[in-house]
Each structure stands twice: as C-alpha cells, then as structure tokens.
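> sequence first, then the predicted structure, then my questions.
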Amino acid sequence: MKTLLLTVGTLALLVGLLWIGQGTGYVNWPQSSFMISQMQWAYYGAALGIAGLLMIIIAQRR
C-alpha cells in the first residue's frame with residue numbers, strides 16, 4: 001500500500017505541476033494544448049498537486 005500511495009502521489013504531483021505551468025502559460029508543451037494560458041487549469045493543477053503531496057506524506061508516515 002505504501003508503494004502504491006507513493007507512486008500515485010508522485011504522479012499526481014508531477015501532473016499537477018505540469019497543469020499549473022500550462023495554465024499560467026509558462027509551459028507551452030504540447031503546442032496545441034487547449035490548457036495553455038487557461039487559469040482554471042492552474043487551479044486544477046494546484047488541487048491535484050496538493051492531493052499528490054498529501055498522498056506522499058501519508059505514504060512516508062506508514
């Protein structure tokens with residue numbers, strides 16, 4: 001269970017950071033993404049990143 005939480009948490013954190021970068025316009029990859037410069041995706045990314053970080057913290061405590 002610890003490994004699963006750590007893996008899913010890490011993936012969620014990385015995807016959340018990507019979404020924040022795309023939503024704020026700092027990451028323009030892929031070029032045709034509908035998420036670029038759309039602030040709502042930065043907010044979704046922040047929520048996903050926080051959830052991922054919490055999963056990582058929970059996995060480390062076990």
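Structure's in. What do you need?
> outside of stretch 22-37, which residues touch it?
With CB atoms under 8 Å, 6 or more residues apart in numbering as the test, stretch 22-37 has contacts from 18-19, 21, 38-45. C-beta here means a position set from N, CA and C on the backbone, and glycine is covered the same way.
> can you pull the contacts of the nearest residue in space to residue 44 that is not next to it in sequence?
Distances taken as CB to CB, 6 or more residues apart in numbering place residue 19 nearest to residue 44, at 5.8 Å, with adjacent residues excluded. By CB under 8 Å, 6+ apart, residue 19 lies in contact with 35, 41-42, 44-45, 48.
> can you give me every residue that contacts residue 15?
For residue 15, the contact set (CB under 8 Å, 6+ apart) comprises 45, 48, 52.
> helix, strand or coil for it?
The three-state label given to residue 15 by DSSP: H, G, I helix; E, B strand; the rest coil is helix.
> do you know the pLDDT at it?
Here, the pLDDT recorded for residue 15 equals 98.
> ditto for residue 31
87.
> what about the helices in the protein?
Using DSSP state H, the helices of the chain run over residues 2-24, 39-61.
> related to what we said a few turns ago, from the contacts of residue 19, which two are the most distant?
Longest distance between any two of those is 12.5 Å, between 35 and 48; criterion CB to CB.
> just the buried residues out of the contacts of stretch 22-37, in PyMOL syntax.
A single PyMOL command selects the buried members of the contacts of stretch 22-37 (16 or more other CB atoms under 10 Å):
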select buried, resi 18+19+21+38+41+42+44+45
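> any chance of the contacts of stretch 22-37 in JSON lines, with pLDDT and distance to residue 29 too?
Shown next, in JSON lines, are the contacts of stretch 22-37 (pLDDT from 0 to 100; distance: CB to CB, whole Å):
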{"residue": "18", "pLDDT": "97", "distance to residue 29": "8"}
{"residue": "19", "pLDDT": "97", "distance to residue 29": "12"}
{"residue": "21", "pLDDT": "97", "distance to residue 29": "8"}
{"residue": "38", "pLDDT": "96", "distance to residue 29": "15"}
{"residue": "39", "pLDDT": "97", "distance to residue 29": "18"}
{"residue": "40", "pLDDT": "98", "distance to residue 29": "19"}
{"residue": "41", "pLDDT": "97", "distance to residue 29": "13"}
{"residue": "42", "pLDDT": "97", "distance to residue 29": "15"}
{"residue": "43", "pLDDT": "98", "distance to residue 29": "20"}
{"residue": "44", "pLDDT": "98", "distance to residue 29": "17"}
{"residue": "45", "pLDDT": "98", "distance to residue 29": "14"}
